[in-house]
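Engineer: fold the stuff below for me.
(chains A and B)
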Amino acid sequence: EADIYQTPRYLVIGTGKKITLECSQTMGHDKMYWYQQDPGMELHLIHYSYGVNSTEKGDLSSESTVSRIRTEHFPLTLESARPSHTSQYLCASWTWGGEQFFGPGTRLTVL
Amino acid sequence: GENVEQHPSTLSVQEGDSAVIKCTYSDSASNYFPWYKQELGKRPQLIIDIRSNVGEKKDQRIAVTLNKTAKHFSLHITETQPEDSAVYFCAARKAAGNKLTFGGGTRVLVKP
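Structural biologist: Below is the predicted model of the structure:
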């Protein structure tokens, strides 16, 4: 089924650990996005990509990095997690008609 | 860059009444305006969108209106039901733009 998949859905991790949040979509969409959102609060764009080998920083400064080696895959990495990184991370992609759809999100807690 | 302001931040309505959320945008080049609904613990879901060549669009109990001159657009929910309780986000995008600019969200509570 065509959708956006994110793993893990929930992650509790200690300070200083390196983590990678996975995002994949099976629809062949070129444009993909990462947002950070505290529950029910504003959506903050942290990274986006126009296609393979293209990555851009978003509006919110973030200590995370992203890569886009394959069209369907857009992972986000935190080299050293901190409690301030505790949040929900939402991946999204654009349809060919320009509509944006979100993945289910990863809820991250850093102790 | 584009700036989108959304009001009110919270809205409480009695079941069966109407709810209206308003957004203003700053960039006159914006031409696409989607609305998302986010239920508790869920992802934002696209519920309706409007493009700048249209002034109004309706889908069952929800409708969106756009005033390009004033640079504002609104979401109207009629005959509200408890399942309409959620956070609603408006957004705007420029023609040939590559990202959406979101409003700050409106928390809607429908009281039975």
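Engineer: CA atoms for contacts and neighbours, from now on please.
Structural biologist: OK.
Engineer: I am assuming B:Lys22 contacts B:Asn67, so please confirm or correct that.
Structural biologist: No - if you go by CA atoms under 8 Å, B:Lys22 and B:Asn67 don't touch, sitting 11.1 Å apart.
Engineer: neighbour-wise, which of the two wins?
Structural biologist: Legend: neighbour count by other CA atoms under 10 Å in any protein chain shown for B:Lys22 and B:Asn67, higher for B:Lys22 (18 against 14).
Engineer: what's opposite the more buried one in the beta bridge?
Structural biologist: Bridge pairing for B:Lys22 (DSSP bridges) gives the partners B:His7, B:Ser74.
Engineer: what residues are up against it?
Structural biologist: Contact analysis of B:Lys22 by CA atoms under 8 Å, 6 or more residues apart in numbering or on different chains lists B:Gln6, B:His7, B:Pro8, B:His72, B:Phe73, B:Ser74, B:Leu75.
Engineer: isn't the fifth one up against B:Glu56?
Structural biologist: No - the pair formed by B:Phe73 and B:Glu56 falls short of the contact definition of CA under 8 Å, at 9.4 Å.
Engineer: so for the two, which sits in the more crowded spot?
Structural biologist: Per other CA under 10 Å, whichever of B:Phe73 and B:Glu56 has more neighbours is B:Phe73, with 24 against 16.
Engineer: so how far is B:Val4 from that one?
Structural biologist: Counting by CA to CA, to the nearest Å, the gap between B:Phe73 and B:Val4 amounts to 10 Å.
Engineer: what is in contact with those two at once?
Structural biologist: With CA under 8 Å, 6+ apart, B:Phe73 and B:Val4 have common neighbours B:Cys23, B:Thr24.
Engineer: what ranges does chain B have for its helices?
Structural biologist: Taking DSSP state H as the criterion, chain B carries no helices.
Engineer: any idea how far chain B is from the residue lying farthest from the centre of chain A?
Structural biologist: Residue farthest from the centre of chain A, counting by CA atoms, centre = their mean, is A:Gly97 at 21.4 Å. Distance from A:Gly97 to chain B, counting by CA to the nearest CA, to the nearest Å: 11 Å.
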